[in-house]
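J.: the sequence isn't on hand, but the structure is:
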């Protein structure tokens, strides 16, 4: 209970700090003039909520992919969905360079092309599916490199900032993202008993009454859809989906009724922190948020890992 | 034949190779059937087939109904399967592993863990245990499954002598309580200690089923394993050559 209280309290504190941080420090409790009010509630709060939802979705997808593939090194982009989404986003940028929403639309389309390609290999079992996913990821990287080589110079900065994670241009409505966070978590919790059994391997899970084939299909669809949504909202933000589930397992244990809500909250927390730092450190310019997620998350994770080992 | 589990003209094919064909047998409540045969003969595959985990040709019935007519959950209520040691990457503790077998009911975990000498390991992650300790965890997980049929694939693998004996005694006791037990073993003395019936699989497609008293024969087992098996008194043992 103490650990849950600490996690919830950390979210509240980080949201408040995130509201206050930026190119100028604004105390949310004493902001009086209308400009500060506008900055706080119309610029920073929506961005913080987007960061929280996207971070949570990435961490949930990471937890699911790790169990689905039986591999602790799996993360939301391991099967190439990020590559196909990036290729889609850059294609969109090439076709309609002036449009504000075209990268999101292209990313969403590209992500689903990647998902359909992966699903074709899902019947091969976790190891071969992972291998197929890694090869597909290499293919999408090559496509992306080709597109970037052909992209006019003025589009390159926008493409690169999107590819390193960019919450400033999210086109998706915040209620949609928060609703997706709630639905994804609820679906995950419904599957949590079966997911726990899958930790023992497919045979043991089946012997304990799990319809593994059906579970794998549902999990792949769910994790892929969540990844597609997160990538569409904020570009490719690495690290969260890989490390947050492990971090939460270290703190809350391995059972999914704890790991999934903790990851959904913890992933959101990390991205809120990272994004707040990203838009403050070199303000008024911004750092790519993906750099910050790794710089904050890696030391925390390694510290907990060392403490647990000791 | 009318056991709780009946196999009729069963053929198991894996990777395009026929491992065994034409096997018919009955597994009765309160009896132990031991499966013997060389490596790769299809013993584990037979257990997987009996657990409904791989497709087979032929007929398997459970409590009078075709196994294929049951859904996974109903099979799980009637059959418990102990196979390879599960992976340890995700940090499950011993207690969590046992909870997954017990269906989240905490009752009986402490007592069962004590039976298998793992009571002091309950909070430890599976990945920190030795293979023998993990095997004892798997046996404890099996003991928490109150199903009429148990399928065990080398339950004494990795165990020290004390726990091999405890495992065999536990299986005897469970059988005496009315459970149908089908187990793969490699140790002939352990097999002789508990088997009511034997299934012999030769690895070339042939399978034989019969009473243990009739099939425990030095020549037959020598042929089966392509290795010398000799009788010492009433006991069959591998012939390792002259003692040093």
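T.: Yes, it's here. All of these numbers come straight from a predicted model, not from anything done at the bench. Numbers count the residues shown, from 1 in each chain, chains lettered A, B, ... in the order given.
J.: which residues touch the residue in the stretch 1-150 of chain A positioned nearest to chain B?
T.: Nearest residue of the stretch 1-150 of chain A to chain B: residue A:72, at 4.8 Å (Cβ to the nearest Cβ). C-beta: built from backbone N, CA, C; applies to glycine. By Cβ atoms under 8 Å, 6 or more residues apart in numbering or on different chains, residue A:72 lies in contact with A:66, A:246, B:89, B:90.
J.: and the two most separated of those residues?
T.: Of all pairs drawn from the contacts of residue A:72, the widest gap by Cβ to Cβ lies between A:246 and B:89 and measures 10.2 Å.
J.: count of residues packed around the nearest residue to residue B:83 once chain neighbours are set aside?
T.: Excluding its sequence neighbours, the residue lying closest to residue B:83 (Cβ to Cβ, 6 or more residues apart in numbering or on different chains) is residue B:153, at 4.8 Å. By other Cβ atoms under 10 Å in any protein chain shown, the residues close to residue B:153 number 22.
J.: that's a strand at residue B:13, yeah?
T.: Yes. Counting by DSSP: H, G, I helix; E, B strand; the rest coil, residue B:13 is found in a strand.
J.: what bridges to it?
T.: residue B:18 (DSSP bridges).
J.: for chain A, what's the nearest residue on chain B?
T.: residue B:76 (3.3 Å).
J.: could you pull up phi and psi at that residue?
T.: As for residue B:76, its main-chain torsions (degrees, to the nearest 10) stand at phi -60, psi -30.
J.: contacting residues around the residue nearest to residue B:83?
T.: B:43, B:44, B:47, B:81, B:82, B:83, B:84, B:183, B:184 are the contacts of residue B:153 under Cβ under 8 Å, 6+ apart.
J.: can you flag which of these belong to strands?
T.: Per DSSP state E, strands hold the following members of these: B:81, B:82, B:183, B:184.
J.: quick check: bridge partners of the second one?
T.: Note on residue B:82: beta-bridge partners by DSSP bridges are residue B:152.
J.: then the last one?
T.: Beta bridges link residue B:184 to residue B:35, residue B:153 when assigned by DSSP bridges.
J.: right, and it touches residue B:44 too?
T.: Yes. With contacts defined as Cβ atoms under 8 Å, residue B:184 counts as touching residue B:44 at a distance of 6.5 Å.
J.: pick out whichever of these two has more residues nearby.
T.: Neighbour count, other Cβ under 10 Å: between residue B:184 and residue B:44, residue B:184 has more, with 24 against 20.
J.: tell me the contacts of the more buried one?
T.: Contacts of residue B:184 (Cβ under 8 Å, 6+ apart): B:34, B:35, B:36, B:43, B:44, B:47, B:152, B:153, B:154.
J.: looking at residue A:246 and residue B:89, which is more packed in?
T.: residue A:246 (21 against 15).
J.: who touches the helix or strand containing the more buried one?
T.: Element membership for residue A:246, per DSSP states H and E: helix A:240-252. For helix A:240-252, contacts defined as Cβ under 8 Å, 6+ apart pick out A:3, A:55, A:58-59, A:61-63, A:65-66, A:72-77, A:227, A:258-259, A:262-263, A:266-267, A:270-271, A:293, A:297-298, A:300-301, A:304-305, A:308, B:90-91.
J.: next, the buried residues of it.
T.: A:240, A:241, A:242, A:243, A:244, A:245, A:246, A:247, A:248, A:249, A:251, A:252 (16 or more other Cβ atoms under 10 Å in any protein chain shown).
J.: rebuild those residues as JSON lines, extending it with pLDDT.
T.: Formatted as JSON lines, the buried residues of helix A:240-252 follow (pLDDT from 0 to 100):
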{"residue": "A:240", "pLDDT": "90"}
{"residue": "A:241", "pLDDT": "90"}
{"residue": "A:242", "pLDDT": "87"}
{"residue": "A:243", "pLDDT": "87"}
{"residue": "A:244", "pLDDT": "92"}
{"residue": "A:245", "pLDDT": "93"}
{"residue": "A:246", "pLDDT": "89"}
{"residue": "A:247", "pLDDT": "89"}
{"residue": "A:248", "pLDDT": "93"}
{"residue": "A:249", "pLDDT": "91"}
{"residue": "A:251", "pLDDT": "89"}
{"residue": "A:252", "pLDDT": "92"}
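J.: closest one to chain B out of these, please.
T.: Taking these together and measuring to chain B by Cβ to the nearest Cβ, the closest member is residue A:249, at 5.4 Å.
J.: look up how far residue A:210 lies from that closest one.
T.: Using Cβ to Cβ, to the nearest Å, residue A:249 is found at 20 Å from residue A:210.
J.: of the contacts of residue A:72, the lowest pLDDT goes to which?
T.: Scanning those for pLDDT, the smallest score is found at residue B:89, 83.
J.: nearest residue to that one other than its sequence neighbours?
T.: Using Cβ to Cβ, 6+ apart, the closest residue to residue B:89 is residue A:72 (4.8 Å).
J.: residues touching the residue of chain B closest to chain A, list them.
T.: Contacts of residue B:76 (Cβ under 8 Å, 6+ apart): A:207, A:208, A:209, B:147.
J.: and the longest helix for chain B?
T.: helix B:161-176 (DSSP state H).
J.: check the stretch 101-250 of chain A for the residue nearest chain B and tell me.
T.: Closest point on the stretch 101-250 of chain A to chain B, by Cβ to the nearest Cβ, is residue A:209, at 3.3 Å.
J.: what sits against the spatially most central residue of chain B?
T.: In chain B, the centroid-proximal residue (Cα atoms, centre = their mean) is residue B:152; its distance is 2.0 Å. For residue B:152, the contact set (Cβ under 8 Å, 6+ apart) comprises B:47, B:81, B:82, B:142, B:171, B:181, B:182, B:183, B:184.
J.: show me where chain B has helices.
T.: Using DSSP H, helices in chain B cover B:43-50, B:72-78, B:94-102, B:109-115, B:131-143, B:161-176, B:188-194, B:212-215, B:218-225.
J.: out of those, flag the one nearest residue A:284.
T.: Once those are compared by Cβ to Cβ, helix B:94-102 is nearest, at 49.3 Å.
J.: hmm, the closest one in reach of chain A?
T.: Yes. Helix B:94-102 reaches chain A (Cβ under 8 Å from any Cβ of the partner chain) through B:96, B:97, B:100, B:101.
J.: tabulate those (a markdown table), appending pLDDT and neighbour count.
T.: What follows is these, written out as a markdown table (pLDDT from 0 to 100; neighbours: other Cβ atoms under 10 Å in any protein chain shown):
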| residue | pLDDT | neighbour count |
| --- | --- | --- |
| B:96 | 93 | 19 |
| B:97 | 94 | 25 |
| B:100 | 92 | 22 |
| B:101 | 91 | 24 |
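J.: quick one: which of the residues you listed is nearest to residue B:189?
T.: Looking across the residues of helix B:94-102 next to chain A and measuring by Cβ to Cβ, the closest to residue B:189 is residue B:101, at 28.8 Å.
J.: burial measure for the closest residue to the closest one other than its chain neighbours, as a count.
T.: Distance criterion Cβ to Cβ, 6+ apart; nearest residue to residue B:101, sequence neighbours excluded, is residue B:141 at 3.7 Å. Residue B:141 is flanked by 25 other residues according to other Cβ under 10 Å.
J.: could you do residue B:235 as well?
T.: 12.
J.: list the contacts of it.
T.: B:189, B:192.
J.: try it again at 10 Å.
T.: Under the criterion of Cβ atoms under 10 Å, 6 or more residues apart in numbering or on different chains, the neighbours of residue B:235 are B:188, B:189, B:192, B:193, B:216.
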